[in-house]
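# I would like to see how this sequence folds:
(one chain, ligands or ions: 1)
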Amino acid sequence: MPGSAAPYCLIVDDEPRLRQVMVHLMRADGFACLEAGNGIEALAQLESHDVTLVLSDLRMPKMDGLELLRAIGARELDAAVVMISAVADVELAVNCLSIGAADYIIKPYQLEDVRARVALALDKRRLILENRAYREGLEDRVAAQARRLEELFLASVQSLAEALELKDPYTRGHSVRVSRYSSIIARHVGLGGEPLRQIELGGHVHDIGKIGVREDVLHKPDALTPEEYQHIMMHPILGWRILSPLLGEAPTALNVVRSHHERFDGRGVPDGLKGDEIPIEARIVAAADALDAMTSGRPYRSTEMTLDCALEEIQRNSGTQFDPLVVRALVASAESGELQLVEKGERGERRGERQLSRQS
Ligand SMILES: [Fe+2]
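Residues are numbered from 1 along each chain as shown. Sure, this is the predicted structure:
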């Protein structure tokens, strides 16, 4: 008798005598043999044993070989199935190959021939399993690499954001708050999933281009000259250039960076886009950005607007600076209590935004 480590071979035939012949043969080849008189019995055996090889007759009562083969396929079992058919069933047996049989043997058969066909069927099964394991391993490796790439990418974006905060302490916390407000507004206008994730990311990095702004302009406490204002308002394009190589897979976040200073009436920068030409993600972040600018302290003015005052001012600019749809979502989310001002660790001022809203 084979030991418990022997692979199982299930022999399915309604004739006990023919089953015995096969049992002898397969035992001699090292298999532990199970028997079934029809497809239903075979399925019961397959459920309780991890079967490597099935040798099945085609014509049987209750459930024939073809049905059994289909049932094995539906259960995605790994067993190699070799059909055994009378000469008259050859066409049927060939059909079996198309639905998953590894091979077929025609009765009457030579035992040596059965051995050879079984060996081929097992070889085929081994290749299929190896191929599947390789594919699964490959998918795991690709997924792990994608996760690693995303981690590296977020780390590099994070370090850029930190570099900006070091350069311009007034932006500290601003990006996080804008990201949070944008997320709430976006959900109110029905966005979710990947677009929402990218809007949050875009909110985090929308001002990254200020890294390229001269410090004397960034920190100037007085009103900016037109030249200085123009210089600071280059930051959307600068940010877009910096992040384009990193955010190729996140076009929505890139749109936020480039277009968060566009105005609904077309008088914004850098592209002078108007209304729906401005990506919705940028219209959302523009409102969130203004909300935080108004409710954060200034170096030359310590008082901050209340949420109600800021909402009033944003509503006054609805349809000119801001998208009315976004403004309604912002007001509704504030009224429902979902949007509340985030506590600020440090007071923040971002010059360009404030100046832009002054223009409106
Ligand atoms: Fe900005």
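
# List the buried residues of the one helix or strand residue 309 maps to.
Per DSSP states H and E, residue 309 falls inside helix 307-316. By neighbour count with 16 or more other CB atoms under 10 Å, helix 307-316 contains the buried residues 310, 311, 313, 314. Any C-beta I mention is one placed from the backbone N, CA and C, and that applies to glycine too.

# just checking, next helix/strand downstream of the strand or helix carrying residue 66?
Here residue 66, judged by DSSP H and E, is contained in helix 65-74. Sequence-wise, the next helix or strand downstream of helix 65-74 (DSSP H and E) is strand 80-86.

# Let me see the mean pLDDT of that next one.
The pLDDT scores in strand 80-86 average 87.

# all helices of the stretch 251-360 of the chain, in order?
With helices called from DSSP state H, counting those that start in this stretch, the stretch 251-360 of the chain shows them at 251-259, 280-295, 307-316, 324-335, 351-359.

# and the residue nearest the centre of the chain, what does it touch?
Nearest residue to the geometric centre of the chain (CA atoms, centre = their mean): residue 194, 7.8 Å. Contact analysis of residue 194 by CB atoms under 8 Å, 6 or more residues apart in numbering lists residue 252.

# Restricting to C-alpha, output the helix or strand harbouring it in PDB.
According to DSSP H and E, residue 194 maps onto helix 193-205. Output of helix 193-205 as PDB, limited to C-alpha atoms (Å, rounded to 0.1, in the frame of the first residue of the first chain):
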ATOM      1  CA  GLY A 193     -12.400  57.000  -5.000                       C
ATOM      2  CA  GLU A 194      -9.200  57.800  -7.000                       C
ATOM      3  CA  PRO A 195     -10.300  61.400  -8.000                       C
ATOM      4  CA  LEU A 196     -10.900  62.200  -4.300                       C
ATOM      5  CA  ARG A 197      -7.500  60.700  -3.300                       C
ATOM      6  CA  GLN A 198      -5.800  62.800  -5.900                       C
ATOM      7  CA  ILE A 199      -7.600  66.000  -4.900                       C
ATOM      8  CA  GLU A 200      -6.400  65.400  -1.300                       C
ATOM      9  CA  LEU A 201      -2.800  64.900  -2.700                       C
ATOM     10  CA  GLY A 202      -3.200  68.000  -4.900                       C
ATOM     11  CA  GLY A 203      -4.300  70.000  -1.800                       C
ATOM     12  CA  HIS A 204      -1.100  68.900   0.000                       C
ATOM     13  CA  VAL A 205       1.200  70.000  -2.800                       C
END
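
# which residues in the stretch 51-200 of the chain form strands?
For the stretch 51-200 of the chain, applying DSSP state E, counting those that start in this stretch gives strands covering 51-57, 80-86, 103-107.

# Of the ones you listed, which is nearest residue 272?
Among these, strand 80-86 comes nearest to residue 272, with 67.6 Å by CB to CB.

# Counting by contacts, list what that closest one packs against.
strand 51-57, helix 65-74, helix 90-98, strand 103-107, helix 111-167 (3 or more CB pairs under 8 Å, 6 or more residues apart in numbering; DSSP states H and E).

# what's near enough to touch residue 282?
When contacts are counted by CB under 8 Å, 6+ apart, residue 282 touches 255, 256, 258, 259, 260, 262.

# Scan these and report the most crowded one.
Highest neighbour count within those: residue 256, with 36 neighbours (other CB atoms under 10 Å).

# Let me know how buried the nearest residue to it once chain neighbours are set aside is, in neighbour terms.
Here the nearest residue to residue 256 in space, its sequence neighbours aside, is residue 202; by CB to CB, 6 or more residues apart in numbering that works out to 2.8 Å. The tally of other residues near residue 202 (other CB under 10 Å) stands at 29.

# of the contacts of residue 282, closest to residue 151?
For the contacts of residue 282, the nearest to residue 151 is residue 256 (21.4 Å; CB to CB).

# List the residues that contact the closest one.
Residue 256 makes contact with 182, 198, 199, 202, 203, 205, 206, 279, 281, 282, 285 under the criterion CB under 8 Å, 6+ apart.
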